[in-house]
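[1] Sequence first, then the predicted structure:
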Amino acid sequence: MPYSNTESPKNFQVFHQHFTTLEEPRRTNKGRFFYPLEEILFLSISAVVSGSDSWTSICTFGQIKLDWLRKFYPYKNGIPSHDVLGKLFARLDHKEFAKCFSSWVNSLSELTEGEVVAVDGKTIRRSGDGALGKSPLHVVSAYASGNRVCLGQETVSEKSNEITAIPELLKVLDIKGCTITIDAMGCQKKIAKQIMDNKANYILMVKDNQKELKEQVEHIFTITAGTSDTQYDVGHGRTEIRVCKVINDLRFLDVSEEWHGLKSLVKVESERCDKKTGKTSHQDRYYISSLDVDAEYINNAVRQHWAIENNLHWSLDVIFKEDESLKKKGNSALNYGMMAKMALILIEKEKTPKMSKPSKRYQAALDDNFRAKILNC
């Protein structure tokens with residue numbers, strides 16, 4: 001438990017509760033360590049919240065803020081070196097860490113009925129090692145767009161793809177009542193059934209990997225009108241018009257019974273105009289869904305899917321420099337990515353100052369009280 005003369009704050013106990021099940025990856029004859037795992041986890045998440053993005057900078061943060069850290073844990077032997085940190089996180093079981101992460105997120109955020117949960121993959125570009133024949137890591141994440149939190153992640157093995165990773169990710173998520181959106185890679189019959197078995201709904205993009213399905217959906221939209229909803233967006237130097245058309249009559253879809261819970265077909269027509277060049281682009285996208293709702297809801301849900309790119313993946317790359325990371329050994333990149341997602345959630349949830357995420361990290365580095373507020377301790 002945290003080192004304190006008084007009862008620790010409730011939220012801090014929650015952090016302890018959900019990560020205490022992690023198995024110690026180090027081995028010694030006596031089973032004791034100079035630097036307990038729980039101390040290292042608290043040091044690391046505190047440092048990442050405060051702007052650290054390497055084992056060296058985490059170590060430096062700990063040395064400077066040792067007195068502050070000792071308000072919560074003893075740190076009897078001080079702060080571990082960057083080598084100790086690197087070796088530990090390389091060995092730490094990333095799957096177990098991900099399960100603890102999901103459990104912790106569930107304790108912080110309650111998903112609302114109908115909330116859109118986007119599932120999408122991202123490659124950690126510099127995590128590969130050409131000399132060892134190791135490909136860059138690819139991670140599939142689930143992002144709740146309403147709560148603005150990452151719910152969990154699953155790694156895609158080198159000899160596999162997202163089709164095998166998505167079901168494993170869905171197993172550890174509590175998605176009852178949510179709407180799951182996935183791009184074309186996840187448009188699989190088994191995945192659709194798994195989502196329905198979890199008492200959630202789906203909106204799955206249809207592309208050429210389901211060629212027969214796509215051809216039939218495209219044809220049906222040429223002979224049936226359905227309902228429609230039009231939305232306009234202005235920003236980032238462009239205007240966009242999105243027309244969402246929904247058909248609930250599946251009589252002309254030969255494969256409808258093969259897709260568990262299928263109730264509607266969706267077509268989204270988007271037209272973008274660049275304000276500077278005047279250049280216009282047009283794109284049609286097709287989806288299948290288990291929802292029997294109006295076109296406005298579907299249009300909004302499809303739009304919210306891209307929050308995983310704009311709010312999660314962009315933040316990991318630009319704010320936490322995930323793609324620039326040189327963490328290549330063992331599970332280092334995956335475990336640091338998990339801590340970055342934890343830090344992002346905590347920073348997002350701190351609404352008091354109206355400032356950017358990088359500014360919050362900078363203030364957390366300088367202000368012990370603000371850092372404690374972000375960490376709920």
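    Yes, it's here.

[2] Mind listing what's buried along stretch 289-303?
    Buried positions in stretch 289-303, judged by neighbour count with 16 or more other C-beta atoms under 10 Å: 289-291, 293, 295, 297-299, 301-303. C-beta coordinates here come from the backbone N, C-alpha and C atoms, glycine included.

[3] Serialize these to CSV and add fields for distance to Ser81 and secondary structure.
    Converted to CSV, the buried residues of stretch 289-303 look like this (distance: C-beta to C-beta, whole Å; DSSP: H, G, I helix; E, B strand; the rest coil):
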residue, distance to Ser81, secondary structure
Ser289, 52, strand
Ser290, 52, coil
Leu291, 53, coil
Val293, 56, coil
Ala295, 58, helix
Tyr297, 53, helix
Ile298, 53, helix
Asn299, 53, helix
Ala301, 48, helix
Val302, 48, helix
Arg303, 47, helix
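
[4] Farthest-apart pair in the residues you listed, please.
    Using C-beta to C-beta, the two most remote members of those are Ser290 and Arg303, lying 18.6 Å apart.

[5] Report the residue ranges of every domain in the protein.
    Dividing the chain into domains by automatic domain parsing, as the record does, gives the ranges 10-91+351-374, 98-315.

[6] I'd like the ones you listed laid out as JSON lines, including mean pLDDT and distance to Ile345.
    Conversion of these to JSON lines gives the following (pLDDT from 0 to 100; distance: least, C-beta to C-beta, whole Å):
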{"stretch": "domain 10-91+351-374", "mean pLDDT": "87", "distance to Ile345": "10"}
{"stretch": "domain 98-315", "mean pLDDT": "88", "distance to Ile345": "5"}
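
[7] which residues does Val140 contact?
    Going by C-beta atoms under 8 Å, 6 or more residues apart in numbering, Val140 touches 119-121, 153-156, 162, 165-166, 169.

[8] Look up the pLDDT of Lys95 for me, please.
    With respect to pLDDT, Lys95 has a value of 86.

[9] That one falls within a helix, correct?
    Yes. In this structure, Lys95 lies within a helix as judged by DSSP: H, G, I helix; E, B strand; the rest coil.

[10] Could you find the closest non-adjacent residue to the residue nearest in space to the middle of the chain?
    With distances taken as C-alpha atoms, centre = their mean, Cys150 lies nearest the centre of the chain, 3.6 Å away. Nearest-residue entry for Cys150: Lys341, 4.6 Å, with adjacent residues in sequence omitted and distances by C-beta to C-beta, 6 or more residues apart in numbering.

[11] Likewise for Gly51?
    Nearest residue to Gly51 in three dimensions, chain neighbours excluded: Arg361, at 4.4 Å (C-beta to C-beta, 6+ apart).

[12] Could you count how many residues lie near Lys87?
    Around Lys87 sit 18 other residues, with neighbours defined as other C-beta atoms under 10 Å.

[13] what about it, which helix or strand?
    Remark: Lys87 resides in helix 82-91, with elements defined by DSSP states H and E.

[14] Can you point out the buried residues in that helix?
    Residues of helix 82-91 classed as buried: 82, 84-91 (neighbour count, 16+ other C-beta under 10 Å).

[15] and which of those residues is nearest Asn311?
    For those, the residue nearest Asn311 by C-beta to C-beta is Phe89; the value is 25.1 Å.

[16] show me the contacts for that closest one.
    In this structure, Phe89 makes contact with 44, 55, 327, 330-332, 335-336, judged by C-beta under 8 Å, 6+ apart.

[17] for Ser102, same thing?
    Under the criterion of C-beta under 8 Å, 6+ apart, the contact partners of Ser102 comprise 151-152, 172-173.

[18] Same list (those) but as JSON lines, adding secondary structure.
    JSON lines is the format used below for the contacts of Ser102 (three-state DSSP):
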{"residue": "Leu151", "secondary structure": "strand"}
{"residue": "Gly152", "secondary structure": "strand"}
{"residue": "Val172", "secondary structure": "coil"}
{"residue": "Leu173", "secondary structure": "coil"}
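
[19] and the residues you listed as a markdown table, adding distance to Glu113 and neighbour count?
    Converted to a markdown table, these look like this (distance: C-beta to C-beta, whole Å; neighbours: other C-beta atoms under 10 Å):
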| residue | distance to Glu113 | neighbour count |
| --- | --- | --- |
| Leu151 | 16 | 26 |
| Gly152 | 20 | 25 |
| Val172 | 21 | 18 |
| Leu173 | 16 | 22 |
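
[20] Done for today, thanks.
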